[in-house]
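*Asks:* Got a predicted structure here, sequence first:
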Amino acid sequence: MPWKQLQCPMGSGLEQSPRTPQSGTAPRAGMLLSVGPSVSLGIRDVGGVRSADEDVGHAPDCFLLLAQVCIVQKRDTEKMYAMKYMNKQQCIERDEVRNVFRELEILQEIEHVFLVNLWYSFQDEEDMFMVVDLLLGGDLRYHLQQNVQFTEETVKLYICEMALALDYLRSQHIIHRDVKPDNILLDEQGHAHLTDFNIATIIRDGERATALAGTKPYMAPEIFHSFLSGGTGYSFEVDWWSLGIMAYELLRGWRPYDIHSNNPVESLVQLFSTVSVQYSSAWSKEMVALLRKLLTVNPEHRFSCLAHIQASAQLSGVVWSDVSEKRVEPAFVPNKGRLHCDPTFELEEMILESRPLHKKKKRLAKNKSRDNSKDSSQSENDYLQECLEAIQQDFVIFNREKLKKSQEQPSESVSASESTEEAEAEPLHMCSSVCSSGSS
């Protein structure tokens, strides 16, 4: 099964990474890509509150070690995907297994035109894999760093597309909690797609989220207030605040509030009650009015659902059916550097096998021999093995293509075993020894 190199267009954010694969990690199909601007598809930071300073567009080293991304092609359809893979042992050591499982649980249940959708998930003895939509237009953080001047029309379209995505997530009881330029990927036509559900949470009717989670400069005031005062928590409105912060930043080049990762929560609560957002005099009255509605400190008065957006005078001319069908042409289209590549990986083989180890057996045997010779405590080895076995047992293999086919066919034509084993995603049973419990 040959691996073939991908040539990535310069300026697309997909340039070859100067980093080499980590020791003990097998090279993957295609060429390893920079987990930088445009392929940041998963975990960006370790911890509930994510760091975001001037260098917010770059993933920290801990993320680069935890996840690698490459481009793969499915041979029968010739469709290209992005594949992210995470080393199990590193996830255990960084206490990230629960976050990975939560992201998988959410992604397996959702699909939308303005989301980066999961198509396959599988594992082998070392790694967990996610195969998702490949979007070659770069993320909005990358384009901000390239000094792209976004027009009001462009930003208005992004707001509309993200409004449809957030409304869909609300219908699925999901708060994303990390809407920001880094997590908005563009396709080659310039349409926006939301990615990274690593700190998303699910809340049912009547429930409220309470955890301090997100990237500080984009987090809504009620998140900090609830954390500080032990209040009633927060809900879907927080994502719409983040959308407003992002839209402001795209238009002006900087955020409306001077917030950094090291700001104490107490100071942020005071900031929102004392500092007013300054809007550019160059912006239209309609855009300013829309941003004011998104950046209302009181969540009860904030635009926070699709109905609010659709009913607003500022977007009265939008044909929403055209937006949802991607019939509105974006004013900003990323540079169309052509991606020249041959088929890079037999994705079918990995999808159909739950433990595709044949390419790794010799190296795994060497690693095991090397590990046994190390002077490490037996209890640590036992704990690690217990965690690895729990992941192996609880990880859900997912195949959206198979699921779609089974749903399209008459129920009697799909065998029960095929339906349950290959098409449907079973609920995730997260072992407490691996996935410590935490608040939403």
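*Replies:* Yes, it's here.

*Asks:* Tell me the buried residues in the longest helix seen in the chain?
*Replies:* Assignment by DSSP state H gives helix 152-171 as the longest helix of the chain. Buried residues in helix 152-171, counted by 16 or more other CB atoms under 10 Å: 152, 154-170. Every C-beta, even on glycine, is put in place using the N, C-alpha and C of the backbone.

*Asks:* Tell me which helix or strand comes right after it.
*Replies:* Counting by DSSP states H and E, the element after helix 152-171 in chain order, helix or strand, is strand 174-175.

*Asks:* Given that following strand, what are its sheet partners and their directions?
*Replies:* According to DSSP bridges, strand 174-175 has the following sheet partners: strand 201-202 (antiparallel).

*Asks:* Can you classify residue 212 by secondary structure?
*Replies:* Here residue 212 is recorded as coil under DSSP: H, G, I helix; E, B strand; the rest coil.

*Asks:* I'd like to know how far it sits from residue 91.
*Replies:* Look at residue 212 and residue 91: by CB to CB, to the nearest Å, they are 22 Å apart.

*Asks:* Counting neighbours, go ahead and name the busier of those two.
*Replies:* Using other CB atoms under 10 Å, the more surrounded residue of residue 212 and residue 91 is residue 91, with 23 against 16.

*Asks:* Hmm, that one is touching residue 128, no?
*Replies:* Yes - using CB atoms under 8 Å, residue 91 is in contact with residue 128, at 7.4 Å.

*Asks:* and for those two, which residues touch both?
*Replies:* 100, 391 (CB atoms under 8 Å, 6 or more residues apart in numbering).

*Asks:* what about residue 270, how many residues close to it?
*Replies:* For residue 270, the neighbour count with other CB under 10 Å is 12.

*Asks:* Now do the strands in the stretch 201-350 of the chain.
*Replies:* Secondary structure of the stretch 201-350 of the chain (DSSP state E, counting those that start in this stretch): strands located at 201-202, 214-215.

*Asks:* Would you mind putting those into a markdown table with mean neighbour count, mean pLDDT and distance to residue 252 alongside?
*Replies:* Converted to a markdown table, these look like this (neighbours: other CB atoms under 10 Å; pLDDT from 0 to 100; distance: least, CB to CB, whole Å):
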| stretch | mean neighbour count | mean pLDDT | distance to residue 252 |
| --- | --- | --- | --- |
| strand 201-202 | 18 | 96 | 30 |
| strand 214-215 | 24 | 96 | 18 |
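
*Asks:* Distance to residue 246 for those strands - can I get that in CSV?
*Replies:* Conversion of the strands of the stretch 201-350 of the chain to CSV gives the following (distance: least, CB to CB, whole Å):
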stretch, distance to residue 246
strand 201-202, 20
strand 214-215, 11
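
*Asks:* Quick one, which of those gets closest to residue 397.
*Replies:* Taking CB to CB, strand 201-202 is the member of the strands of the stretch 201-350 of the chain nearest to residue 397, at 21.2 Å.

*Asks:* List the contacts of the closest one.
*Replies:* Strand 201-202 is contacted from outside by 102, 106, 172, 173, 174, 175, 177, 209, 211, 213, 440, using CB under 8 Å, 6+ apart.

*Asks:* Most neighbours among those, which one?
*Replies:* Counting neighbours by other CB under 10 Å, residue 177 leads the contacts of strand 201-202 with 27 neighbours.

*Asks:* so where's the protein shaky on pLDDT?
*Replies:* Within the chain, the set of residues satisfying pLDDT under 70 comprises 1-66, 337-376, 410-439.

*Asks:* Would you mind splitting it into its domains for me?
*Replies:* What automatic domain parsing lists as the domains of the chain is 49-136+339-423, 147-324.

*Asks:* closest one to residue 330 among the ones you listed?
*Replies:* Per CB to CB, nearest to residue 330 of the domains of the chain: domain 147-324, 3.2 Å.

*Asks:* Now do that closest one: distance from first to last residue.
*Replies:* Domain 147-324 has an end-to-end distance of 28 Å (CA to CA, to the nearest Å).

*Asks:* same check, this time on stretch 185-197
*Replies:* Terminal residues of stretch 185-197 lie 13 Å apart, using CA to CA.

*Asks:* Now do the buried residues in that stretch.
*Replies:* 185, 186, 187, 188, 190, 191, 192, 193, 194, 195, 196, 197.

*Asks:* In contact with the second one, which residues are there?
*Replies:* It refers to residue 186. By CB under 8 Å, 6+ apart, the neighbours of residue 186 are 135, 137, 138, 139, 140, 143, 192, 193, 334.

*Asks:* Count the residues that sit near residue 105.
*Replies:* 17.

*Asks:* All the strands of the stretch 1-150 of the chain, in order from the start?
*Replies:* Secondary structure of the stretch 1-150 of the chain (DSSP E, counting those that start in this stretch): strands located at 49-50, 67-74, 79-87, 118-123, 127-133.

*Asks:* Name the strands paired with the fourth one and say parallel or antiparallel.
*Replies:* In this case it means strand 118-123. strand 127-133 (antiparallel), strand 398-399 (antiparallel).

*Asks:* Let's see stretch 176-183 as CSV, backbone CA atoms only.
*Replies:* Listed next in CSV are the C-alpha coordinates belonging to stretch 176-183 (Å, rounded to 0.1, in the frame of the first residue of the first chain):
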residue,chain,number,x,y,z
HIS,A,176,-20.2,24.9,20.5
ARG,A,177,-18.4,27.2,23.0
ASP,A,178,-15.5,28.0,20.7
VAL,A,179,-16.7,30.1,17.8
LYS,A,180,-13.7,32.1,16.6
PRO,A,181,-11.8,32.8,13.3
ASP,A,182,-9.5,29.8,14.0
ASN,A,183,-12.5,27.5,13.8
